[in-house]
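> 3D, please:
(chains A, B, C and D)
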Protein chains: 2
Amino acid sequence: MNNRPYTKVINQLKAAGLRPTRQRIALAKLLFGTCNRHVTAESLLAEATQAKIQISLATVYNSLHQFTDAGLLREIVVDLNRCYFDTNMTEHYHFFYEENNRLEDIHSDDIIISKLPSLPLGKSLKRVDIVIRV
Amino acid sequence: MNNRPYTKVINQLKAAGLRPTRQRIALAKLLFGTCNRHVTAESLLAEATQAKIQISLATVYNSLHQFTDAGLLREIVVDLNRCYFDTNMTEHYHFFYEENNRLEDIHSDDIIISKLPSLPLGKSLKRVDIVIRV
DNA sequence: GTGTTTGCAAAGTGTTTGCAATTTA
DNA sequence: TAAATTGCAAACACTTTGCAAACAC
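The predicted structure follows:
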């Protein structure tokens, strides 16, 4: 891999309290370089490998969780067989294509919820997940 | 275990095209005997064991999937670490208590969705899953 | 009797962990 | 140099599978 400074990604990592290592920079570049993404550990490793980035599966898992804890990614639960991570941190929902296990964003304006139940006593809302399975 | 006829459960299984074996009858009795339930394979096995029903984990898994395929149960994806099955087959949604991985039904009247996006071309709606994480 | 179901143990899958070697600051 | 990070391989948790024995009809 090349080692240009990637100032933007490095600053993003530093801001998140993560040491900008070669592996994290490479993954962050793949994840945050372009538009919003949905990845699994396997898919991201495959992508990295194809881009000639040398990295282990364990590090991909570690990085995905570190990015998630740092608020750079969020985890989506749609399929029991694998973890999906989403680079889109804004409020939004998902289509899930069952035929090929693919996710697609639904902009939050495209779903309007006009009534929600009151929360159980003493609980605070963590998130409302909506998945439209097609 | 006792072996009263359990006519109702047996008919339910037959109607679903499932041979009413001792194990299936026992599980169906636990699952459909009372109110709506949320179970995992482990929790159902524990319950069966406590009720002195002799059954293996493999058979619990098999039965849960057979019941699901037969339309007697539905699977809920909320937690990557285990499969949840719900005996409530009517349209409804869920609270998920992250502190103890517990599920609670939300009656469909308690959530009103006043706008949904149009489906991707050529796709049919399988289900709208809503999970409120608290 | 025949085809289905069960149950064990083994295999499988995706994920996490322990720890020595490497890298970053 | 000191502390954090990586990467391998082993461990893990849950689920599925293969197949001989048991069961339902």
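
> contacts and neighbour counts: CA atoms only from here.
Noted.

> what about residue A:42, which helix or strand?
Using DSSP states H and E, residue A:42 sits in helix A:41-50.

> Can you work out which other helices and strands pack against that helix?
Using 3 or more CA pairs under 8 Å, 6 or more residues apart in numbering or on different chains; DSSP states H and E, the elements in contact with helix A:41-50 are helix A:22-32, helix A:57-69.

> For these, state which one has the densest average packing.
Among the helices and strands packed on helix A:41-50, ranked by average contacts under mean count of other CA atoms under 10 Å in any protein chain shown, first place goes to helix A:22-32 (a mean of 19).

> orientation of that one relative to helix A:57-69 in degrees?
Between helix A:22-32 and helix A:57-69, the angle comes out at 60 degrees (axes from the mean of the first three to the mean of the last three CA atoms, to 10 degrees).

> For helix A:22-32, output the C-alpha coordinates as PDB.
Only the C-alpha atoms of helix A:22-32 are listed here, as PDB (Å, rounded to 0.1, in the frame of the first residue of the first chain):
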ATOM      1  CA  ARG A  22      -1.400   1.800   9.000                       C
ATOM      2  CA  GLN A  23      -4.300  -0.700   9.300                       C
ATOM      3  CA  ARG A  24      -6.800   1.700  10.700                       C
ATOM      4  CA  ILE A  25      -5.900   4.400   8.200                       C
ATOM      5  CA  ALA A  26      -6.400   1.900   5.400                       C
ATOM      6  CA  LEU A  27      -9.800   0.800   6.700                       C
ATOM      7  CA  ALA A  28     -11.000   4.300   7.400                       C
ATOM      8  CA  LYS A  29     -10.000   5.300   3.900                       C
ATOM      9  CA  LEU A  30     -12.100   2.500   2.500                       C
ATOM     10  CA  LEU A  31     -15.000   3.100   4.800                       C
ATOM     11  CA  PHE A  32     -15.200   6.900   4.900                       C
END
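
> Tell me the strands beside the helix or strand following that helix, with direction?
Next in sequence after helix A:22-32, counting helices and strands by DSSP H and E, comes strand A:38-39. Paired strands of strand A:38-39, with direction, are strand A:84-86 (antiparallel) (DSSP bridges).

> What about chain A, which residue is the most distant from its middle?
Distance from the C-alpha centroid of chain A peaks at residue A:121, with 31.0 Å (CA atoms, centre = their mean).

> separation between that one and DNA strand D?
Distance from residue A:121 to DNA strand D, counting by CA to the nearest atom of the strand, to the nearest Å: 28 Å.

> Looking at chain A, which residue is nearest DNA strand D?
The shortest separation between chain A and DNA strand D is 3.7 Å, found at residue A:55 (distances taken as CA to the nearest atom of the strand).

> Can you tell me, leaving aside adjacent residues, what's nearest to that residue?
Leaving out its chain neighbours, the residue that sits closest to residue A:55 by CA to CA, 6 or more residues apart in numbering or on different chains is residue A:23, at 6.5 Å.

> OK, contacts around that neighbour?
The contact partners of residue A:23, taken as CA atoms under 8 Å, 6 or more residues apart in numbering or on different chains, are A:53, A:54, A:55, A:59.

> list the contacts for the last one?
Looking back up the chat, that one is residue A:59. Counting by CA under 8 Å, 6+ apart, residue A:59 makes contact with residue A:23.
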